[in-house]
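**Student:** Provide a 3D model corresponding to the input given below.
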Amino acid sequence: MTTQTLTAAAPEALRFGYGDSALGAVLVAQSPRGVVALFIGDDRARLQRDLKDVFPEAELVLDQAGLAETVAKAVALVDAPHLGTDLALDLRGSPQELAVWNALQAIPAGETRTYGAIAQSLPIAATAQEVGAACAANRIAVAVPCHRVVKSDGSISGYRWGVQRKRRLINREGVA
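**Tutor:** Residues are numbered from 1 along each chain as shown. Below is the predicted model:
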């Protein structure tokens with residue numbers, strides 16, 4: 001007779017590091033497949049708490065030296081979003097969220113789209129409100145450019161990292 005011991009899978013390890021951009025502190029977290037989070041804020045401790053809230057099962061490992069190049073690229077992206085990035089992304093979400101995030105990545109720098117226009121362009125059914133919810137669930141600021149989505153009247157609405165930051169990102173991209 002053999003006995004089996006059930007072992008729990010080890011938690012996923014996510015490395016993270018900080019940088020400073022013109023829009024505030026930047027926290028970048030990375031899995032072996034790519035960036036899973038790019039947060040912008042004023043308080044590094046709060047950014048780390050937000051990361052833990054988003055990935056409660058993960059082991060978070062501060063690796064400032066190991067992620068230096070990734071953090072530098074993330075800061076450069078936040079400071080000059082119109083230049084784009086070659087950061088590998090590890091997008092995690094529902095099929096609808098992934099469809100929205102892919103649509104957002106297709107919006108050229110310097111242009112905006114409405115929530116409704118994004119909803120109509122998706123290969124799956126979604127409402128403007130569901131597009132807004134997917135934008136709110138976006139964990140990778142600027143690289144998944146939810147800042148390029150505006151209300152139907154062209155006005156700027158909510159942004160996970162602050163409406164002022166959204167306005168500054170849009171202005172940096174040259175949108176009137």
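
**Student:** check which helix or strand covers residue 51.
**Tutor:** helix 44-54 (DSSP states H and E).

**Student:** Same question for whatever helix or strand comes next after that helix: list its buried residues.
**Tutor:** Counting by DSSP H and E, the next helix or strand C-terminal to helix 44-54 is strand 59-62. Buried residues in strand 59-62, defined by neighbour count with 16 or more other C-beta atoms under 10 Å: residue 60. All C-beta atoms are positioned from the backbone trio N, CA, C, and that covers glycine.

**Student:** ditto for stretch 106-116
**Tutor:** Neighbour-count burial for stretch 106-116 flags 107, 109, 112-116 (criterion: 16+ other C-beta under 10 Å).

**Student:** Helices - which of those land there?
**Tutor:** Among those, DSSP state H puts 115-116 in helices.

**Student:** can the buried residues of stretch 106-116 go into CSV with extra columns for distance to residue 25 and pLDDT?
**Tutor:** Shown next, in CSV, are the buried residues of stretch 106-116 (distance: C-beta to C-beta, whole Å; pLDDT from 0 to 100):
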residue, distance to residue 25, pLDDT
107, 26, 96
109, 23, 94
112, 26, 95
113, 28, 96
114, 30, 96
115, 28, 96
116, 33, 96
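
**Student:** show me what contacts the spatially most central residue of the chain?
**Tutor:** Nearest to the geometric centre of the chain sits residue 140, at 1.1 Å (C-alpha atoms, centre = their mean). Listed by C-beta atoms under 8 Å, 6 or more residues apart in numbering, the contact partners of residue 140 are 35-38, 89, 91.

**Student:** Using PyMOL, make a named selection holding only the buried ones among those residues.
**Tutor:** In PyMOL syntax, the buried subset of the contacts of residue 140 is picked out as below (16+ other C-beta under 10 Å):
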select buried, resi 35+36+37+38+89+91
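
**Student:** farthest-separated two in the contacts of residue 140?
**Tutor:** Largest separation among these by C-beta to C-beta: 38 and 91, giving 11.6 Å.

**Student:** ok, back up a step: among the contacts of residue 140, which one lies nearest to residue 75?
**Tutor:** Out of the contacts of residue 140, the member with the shortest distance to residue 75 (by C-beta to C-beta) is residue 38, at 9.8 Å.

**Student:** Please verify my assumption that that closest one contacts residue 30.
**Tutor:** No - in this structure, residue 38 is not within contact of residue 30 by C-beta atoms under 8 Å, at 9.7 Å.
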